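> just coords:
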């Protein structure tokens, strides 16, 4: 635990060490079909080497209410549904940003996510759902897409003294989660885990008039940075993918339209959060879909509006 906390001190609240790494490569990203593309300088996802299988038997969705689709205004617009099959009426320019745009043979989709999930219920309940759905031995390569730990971190509001205990619980539970999918008897053909980190709606300010009764939650930002740094370190150690959802949503919270905000994007300061300040809205679900699509496809993530076919 001491090592994880020490690592967290190296990451500032907006994970600039990660963002800087992404920015360093922003001019070198190249798509084999289209040539050079500009990468998103704020997204610093981590992937083990050769972590994009050419084919999958299935994609398993587990996690919290983000994965369960909260914030989407209608069926078909949750990021999981968009990833499985694009809604062409809503996202006409993203017809290829689904599983059919990656794999010749479409994988099975299994969704065992639940609203309100924590890392504890992820391990104690959702893994049982996966076993019930798929059995004790699962043939074929499997991808696991998960958003989790936001509810764990949210529990620190007003009680950030418990950050060390909370981070220890998160990483302990995630360790059990990784063990389940790393079991060569259960998944003899391999399982690839893609874990999203935790975002927040204030664009690194810690306060937004529209959110949480206008409370100043700057102390929670520090706790969030510690938790995200810990899950990144663990992902690197365990050899799983870590998706920088927080980095991508910076500038698209409730302070993103402020020209003085360090993450303000004058070309697009649209809000990607629902009015509850917790869940993504339709645009937010689309953006999460993009993050996971590029991860599954093994491609570097382009900047806003820079999708290439």
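Sure thing, it's come through. Please read all numbers here as calculations on a predicted model, not as lab measurements. Residues are numbered from 1 along each chain as shown.
> which residues sit in contact with the nearest residue to residue 280 once chain neighbours are set aside?
Distances taken as CB to CB, 6 or more residues apart in numbering place residue 71 nearest to residue 280, at 4.9 Å, with adjacent residues excluded. Where you see a C-beta, it was placed from the backbone N, CA and C, and this is true even at glycine. Neighbouring residues of residue 71 by CB atoms under 8 Å, 6 or more residues apart in numbering: 273-274, 276, 278-282, 284-285.
> What are the boundaries of the strands in the stretch 201-309 of the chain?
All strands of the stretch 201-309 of the chain, identified by DSSP state E, counting those that start in this stretch, fall at 241-243.
> Going along the chain, name the helices of it.
218-238, 245-249, 282-297 (DSSP state H, counting those that start in this stretch).
> quick one: buried residues of the last one?
Residues of helix 282-297 classed as buried under the neighbour-count rule (16 or more other CB atoms under 10 Å) are 282-296.
> try the first one
When neighbours are counted by 16+ other CB under 10 Å, the buried residues of helix 218-238 are found to be 219-235, 238.
> roughly how far is it from the heart of the chain?
13 Å (CA atoms, centre = their mean, to the nearest Å).
> Tell me the helices and strands packed up against it.
Secondary-structure packing of helix 218-238 (3 or more CB pairs under 8 Å, 6 or more residues apart in numbering; DSSP states H and E): helix 2-9, helix 150-154, helix 163-181, strand 241-243.
> Buried deepest among the ones you listed, which one?
Mean neighbour count, computed with mean count of other CB atoms under 10 Å, is highest for strand 241-243 among the helices and strands packed on helix 218-238, reaching a mean of 24.
> for it, the distance to its chain's centre please.
For strand 241-243 - counting by CA atoms, centre = their mean - the centre lies 7 Å from the chain centre.
> what's next to stretch 175-183, contact-wise?
119, 122-123, 127, 130, 142, 144, 146, 186-187, 191, 193, 234, 238, 240.
> Kindly report the same for stretch 214-222.
For stretch 214-222, using CB under 8 Å, 6+ apart, the contacting residues are 13, 153, 156-157, 160, 163, 200, 202, 204-208.
> what's the most distant pair in these?
163 and 208 (21.6 Å; CB to CB).
> and the contacts of stretch 175-183, which of them are in helices?
Counted as lying in helices by DSSP state H, out of the contacts of stretch 175-183, are 119, 127, 130, 234, 238.
> Closest one of those to residue 95?
Set against residue 95, the nearest of the ones in helices among the contacts of stretch 175-183 by CB to CB is residue 130 (30.0 Å).
> for residue 276, what are its contacts?
residue 71 are the contacts of residue 276 under CB under 8 Å, 6+ apart.
> For residue 90, see how far away it is.
According to CB to CB, to the nearest Å, residue 276 and residue 90 sit 21 Å apart.
> Residue 232 now?
In terms of CB to CB, residue 232 sits 32 Å off from residue 90.
> where does residue 55 land in three-state SS?
State at residue 55, reduced to three classes by DSSP: H, G, I helix; E, B strand; the rest coil: coil.
> Any chance of CSV for the helices of the stretch 201-309 of the chain, columns distance to residue 48 and mean pLDDT?
Listed next are those as CSV, based on distance: least, CB to CB, whole Å; pLDDT from 0 to 100:
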stretch, distance to residue 48, mean pLDDT
helix 218-238, 8, 96
helix 245-249, 18, 97
helix 282-297, 11, 98
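> neighbours of residue 279, just the number please.
21 (other CB atoms under 10 Å).
> which ones are touching it?
65-66, 70-71, 273.
> will you turn those residues into a markdown table that also has distance to residue 58, secondary structure and pLDDT?
Formatted as a markdown table, the contacts of residue 279 follow (distance: CB to CB, whole Å; DSSP: H, G, I helix; E, B strand; the rest coil; pLDDT from 0 to 100):
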| residue | distance to residue 58 | secondary structure | pLDDT |
| --- | --- | --- | --- |
| 65 | 22 | helix | 98 |
| 66 | 20 | helix | 98 |
| 70 | 23 | coil | 98 |
| 71 | 25 | coil | 98 |
| 273 | 30 | strand | 98 |
